[in-house]
Every structure is written in C-alpha cells, then in structure tokens.
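Engineer: A predicted structure for the sequence below; I have some questions about it.
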Amino acid sequence: MTTFAFAARPGSARQLAGTGTLLRFALRRDRLMIPVWTGVNALMVLSMPGTLEGLYGTPGERADLIRQMAGNSSLRAMIGPVFDDSIGALTAWRVGVYAGALAAVMSLLVVVRHTRDEEESGRQELVASGMVGRRASLTAALLAAAVANAVLALLVTAGLAGHGAAGALALGLGIAGVGMVFATMAAIVAQLTESARLARGLTAAVLGAAFVLRAAGDSATDDGSSPLTWLSPLGWLENLRPYADERWWVLALLAGAVLLQGAVAYGLAGRRDIGMSFLPTRPGPATGRLGSAGALAWRLQRGGVLGWSIGFLLAGVVYGGMTEGAADLVGGNAGARRIFERMGGQSGLTDAFLASMVGMLGLVAALYIVASVLRLHGEETSGRAEPVLANAVGRLRWAAGHLVIAFGGAALLMLLAALGFALGYGKDIGPILGACLVQLPAIWVIGGLTVLLTGVLPRAAAASWGVAGAVLLIGWVGPALDMPQTVLDLSPFGHLPKLPGGEMDWGPVLALLGLAVVLVAGGLAGLRRRDMTT
C-alpha cells in the first residue's frame, strides 16, 4: 500500500520538482503533432452535423435510418447503434467512436514519446541528473496528454453547442476521457517494457482489442447493452449517449479508470531505475539471422508488420461482410449515394462502397509507411545506428533494409486487405485485388516524402505525421463536405482510379510512382551526404 501513498509523504513534492519546466518542454516539442491531431479530430467531428443535415434532413429520413440500423448488425459493428434522431445524436453516433480512437492514439503517442522514448535515447538520464524529481517526467507526459485532450474537448463542445450544450459537453468530455484512459494505460506499459516501439505497439493492441470488443457487442444488440460493449472504453463513450438523455455517471467510469491506471503507473515508476523495465528485453542472436543490415531491420520491425497485417486482414473481412448491408442502407438516400460515389467513383453503389472502403484502408496504410520509415530516424537519434555503420555497412545499405520493409510492408497490407475483402464479400478477388494494389503509388508517395524529410531535414522528419494527417482528413472528410476538386487533388489519393467499377487510368498511377522514386532518391542522397545526428 505504501507504493501508492507517495503523495502523502513529506518528500513527495521533491519527486515532482521540475514538472512545470518539463511540461513546457514537452508542449514545445509537440507544437506540431498535438495541433495536427487535435485539429484533424475536431474538424472530423464538427464537419459532421452539416453533412448529416444534408443526408437526413427530414424526420422521416432520420426515423428510417434508425429503423434500418436496428436490423443491420454489420454496420452497428462498424459505427455503433443510434440512440436518437436529432442531428447531435446522429453526429455522436457517426463519429464518436472514431474520434475517441483518434484521441487514444494521440494520447499514447504523446505519453510514450516523453517517457520511454526519452529513457531509450539516454536523454532522460541527463535530465534526471539535474534538479528533477523522480516522477516529474511521467507527470509532465500525462499533463501534456491532458492539455491536448482538454483542447479537443473544448473545440468539440464549443463547435457543437448550437445543437445542445449538454450533449456537446458530454461528447467532448467522453472523447477526452477515452484519450486519457489510454494515456494512463500507455504510462503503465512504458514502465513494463524497455522499448518505446513495444510500448506503443502494446498500447495500440489494447486499443484494437477495445474496438473489437465494442464491435462484437454492438453487433449482438442494438442498444449498447452487451457485456462486451461495457468491457471497452469505446463502449463507455458510446453508452454516455450524448444528445440522447445523457448518462453522466458513465464519466465516472472513465475518471475512475484514469485515476486507477495513473496510480499504478506512478507506483511502478517509483520502483525501477531509469532505463530499466519490469519486463526485460529478451536477448537476440548476434549471428545467423542478424548477419545483415536487412535482417536487423526485419527483426526490429517484424512485430509491427505482423500487427498491421492482422489488422488489415480483419478490416477487409469486416468491410467485405458489410458491403451488402451498406448498399441496402444508403441505396434509398440520394445524398449518401453521392458521397459514396464521390469517394469511390460513379459506378454501381456496391462498387462505390467497396472503392471507398479500399481507399480508407489505403489512407491508413499511409500511417504505417510513415511509422516504418521514421524507424530510420529513431535508430539514428537513439545512437543505435552508429555501431551498425561503424562496421562494413554503408548508409544506403542500412537504410535500404528499413525501406524494403516500409514499402514492401505497405504492399503486403493491401494484399491482405484484398484477401479479407474477398473472404468477407464472397466474390471474385480479381477486381478487389486491383483496387487495393492501385492504392500503392499514393501510399509510396507519402513514404517517399518521409524518406526525403528524414534524409535532408531530419529535424523536420516528424512533420511527416502532419502530412499523413492532412491526407487522412482530405480523404475522410473532403467528400462529405463537398470540398472542391482542387482541394481533393492536394492528396495523392485524389488522383487514383476509382476501382472497382471505374476506368483504369495508367497515367496518374505511373506519375505517382515516378514521384515516389524521385522523393526516395532525394532522401537517400541527403542521408548519404549529411552528418549523422544524435
């Protein structure tokens, strides 16, 4: 019990010394990442009421939507049940779960970056040698995540207040609460593992499990009452029911989880040395499979590739299985049909839905390739690249090992997505395979830009996340907001043929492939000529 009672001891204030300075430093380092993540998330939420008013403008259309969702288990698994027919309630239904998931991703990235990342790079040891308390770094990381989630909650609440202040406040607090649940969870995992990569991966895996539990529960019931739904923090957000007789007591579940997990994280932080972990890293072989730079890169990234591969296969199965249900749901709504056709081409609704879902997975695969390419930057800044390059390994050979995994891994993800679609939809894999593979040039352009920033401007390499976030925003929200084509064309995905169902146009595909090659070549040239950073 003494582990969690440190706040009552006279020396506890010294354990938090320097927290304010570290918090300001953390917010300065994240001055790009936090605004991008919060801005994209808030814009996704705030753009939805206008879209829904255009799609379901009459009470009859909204009542028909609720009736159809009650009998469509596949779409409930994807989005969740509808609890009321107001525009506010429909907004919470359509984007609430996804906004909570994005807040969770942002929060876990912030916390791991300012805890385990700092220890792994050796910077935390230098910071700890000054007048800094033992738990100051963890406190600053959690406060940075809290600031980001508070800003997100304020934006959502202010933006939706016109549709009902109580519902807007409930949705804003619920999204921020989910973010803080995964922030404190990441704080625990950062104490357990010795690798920042593993800490991010494990916390993301918990988030994936939470989504699956909620989806399984919602597919079984149409009112969110399944025990599986209540096992997931995303299910708590759903059952908060913004704009539908809010259940304010659900916020106590989120607050209780944050406090409990925070206490565990603080207790663990006080019981280990800097750089150590409660789950030691298993030593690997020094020869054999690690006899080349490529083999080392594969060993470092194989866990991430496996996790992403499983996720894309399952996503393909789920989206393929709901294709017929989605076509039935939006088939009678002209506005919804136009949005799907704008995302997926001007073919039949089923092909348009498949094309839009494949396009969404392509956008998500862009996040994978950014993370995989940035592993180069992480190896460099942590100092682990220097011992490798001190041997008979050139920079290009070292970089090539990671880039093969990044670019080849993206191709693997889209292949597995195609297989999942074929399994879920039960139709010929050929057209769907072509639709998935045609996403690769755009994905590789995003990867090529990340290589260019890493090679030429390593200090700006993290800006790749901002580019990926902007592309994600244009792809997800742009068609629904009826953005001009010139805006949609800012994304490389806007130039791709809309398959299946559309006409194959090789011109844009080859142009994007050429652009990706030029970007990668420029990045490798810069990496070869500049000094290595630490």
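Structural biologist: That came through, no problem.

Engineer: Report the next helix or strand after the helix of greatest length in the chain in sequence order.
Structural biologist: Counting by DSSP state H, the longest helix found in the chain is helix 349-381. Remark: after helix 349-381, the chain's next helix or strand is helix 385-389, criterion DSSP states H and E.

Engineer: so what secondary structure elements neighbour that next one?
Structural biologist: Applying 3 or more C-beta pairs under 8 Å, 6 or more residues apart in numbering; DSSP states H and E, one finds that helix 385-389 contacts helix 349-381, helix 395-425. Where C-beta positions appear, they are placed from N, C-alpha and C, glycine not excepted.

Engineer: if we compare those helices, which one ends up closest to residue 136?
Structural biologist: helix 349-381 (22.2 Å; C-beta to C-beta).

Engineer: next one: that closest one to chain centre, how far?
Structural biologist: 10 Å (C-alpha atoms, centre = their mean, to the nearest Å).

Engineer: orientation of that helix relative to helix 395-425 in degrees?
Structural biologist: Between the axis of helix 349-381 and that of helix 395-425 there is an angle of 150 degrees, by axes from the mean of the first three to the mean of the last three C-alpha atoms, to 10 degrees.

Engineer: could you give the mean pLDDT of helix 349-381?
Structural biologist: In this model, helix 349-381 carries a mean pLDDT of 83.

Engineer: Could you do stretch 143-161 as well?
Structural biologist: Stretch 143-161 shows a mean pLDDT of 95.

Engineer: is it true that residue 465 touches residue 369?
Structural biologist: No. Between residue 465 and residue 369 there is no contact under C-beta atoms under 8 Å: 11.7 Å.

Engineer: Can you pick out the residue with more neighbours from these two?
Structural biologist: Under the criterion of other C-beta atoms under 10 Å, the comparison of residue 465 against residue 369 puts residue 369 first, with 28 against 19.

Engineer: for that one, what are its contacts?
Structural biologist: By C-beta atoms under 8 Å, 6 or more residues apart in numbering, residue 369 lies in contact with 406-407, 409-410, 443-444, 446-447, 450.

Engineer: if I look at it, how far off is residue 449?
Structural biologist: 10 Å (C-beta to C-beta, to the nearest Å).

Engineer: can you check residue 120 too?
Structural biologist: Taking C-beta to C-beta, one finds residue 120 at 26 Å from residue 449.

Engineer: Over to residue 200?
Structural biologist: To residue 449, residue 200 is 22 Å away according to C-beta to C-beta.

Engineer: Spatially central residue in the protein, please.
Structural biologist: Nearest to the geometric centre of the chain sits residue 105, at 5.0 Å (C-alpha atoms, centre = their mean).

Engineer: hang on, isn't that one packed against residue 207?
Structural biologist: Yes. Here residue 105 reaches residue 207: they are 7.0 Å apart, a contact under C-beta under 8 Å.

Engineer: shared neighbours, the two?
Structural biologist: What both residue 105 and residue 207 touch, as defined by C-beta under 8 Å, 6+ apart, is the set residue 182.

Engineer: still on that earlier bit, secondary structure element holding the residue nearest to the centre of the chain?
Structural biologist: Residue 105 is part of helix 87-114, with elements assigned from DSSP H and E.

Engineer: ok, and the closest non-adjacent residue to residue 316?
Structural biologist: Leaving aside its chain neighbours, residue 316 sits nearest to residue 420 (2.1 Å; criterion: C-beta to C-beta, 6 or more residues apart in numbering).

Engineer: Hmm, residue 321 and that neighbour touching each other?
Structural biologist: No. Applying C-beta under 8 Å, one finds residue 420 not in contact with residue 321, separated by 9.3 Å.

Engineer: Looking at the two now, which is surrounded by more residues?
Structural biologist: residue 420 (24 against 19).

Engineer: what about the more buried one, distance to residue 356?
Structural biologist: Taking C-beta to C-beta, one finds residue 420 at 16 Å from residue 356.

Engineer: same question, residue 39
Structural biologist: 23 Å.

Engineer: what about the two, which has more around it?
Structural biologist: Comparing residue 39 with residue 356 by other C-beta under 10 Å, the one with more neighbours is residue 356, at 21 against 17.

Engineer: Kindly provide the distance from the more buried one to residue 81.
Structural biologist: On the measure of C-beta to C-beta, residue 356 and residue 81 end up 22 Å apart.

Engineer: If you count contacts, what does the one helix or strand residue 160 maps to end up packed against?
Structural biologist: Assigned by DSSP H and E, residue 160 falls within helix 136-160. For helix 136-160, the contact count by 3+ C-beta pairs under 8 Å, 6+ apart identifies helix 19-29, helix 33-46, helix 87-114, helix 123-128, helix 165-192, helix 250-269 as packing neighbours.

Engineer: Residue 466 contacts residue 32, doesn't it?
Structural biologist: Yes. Using C-beta under 8 Å, residue 466 makes contact with residue 32 at a distance of 5.8 Å.

Engineer: more crowded one of those two?
Structural biologist: residue 466 (18 against 13).

Engineer: For the more buried one, which non-adjacent residue is closest in space?
Structural biologist: Of all residues not flanking residue 466 in the chain, residue 36 sits nearest, at 4.5 Å (C-beta to C-beta, 6+ apart).

Engineer: who's in contact with the one you found?
Structural biologist: 465-466, 469-470.

Engineer: From residue 81, how far out is it?
Structural biologist: From residue 36 across to residue 81, the span is 31 Å (C-beta to C-beta).

Engineer: cool, and residue 113?
Structural biologist: To residue 81, residue 113 is 35 Å away according to C-beta to C-beta.

Engineer: what do you get for residue 487?
Structural biologist: According to C-beta to C-beta, residue 487 stands 33 Å off from residue 81.
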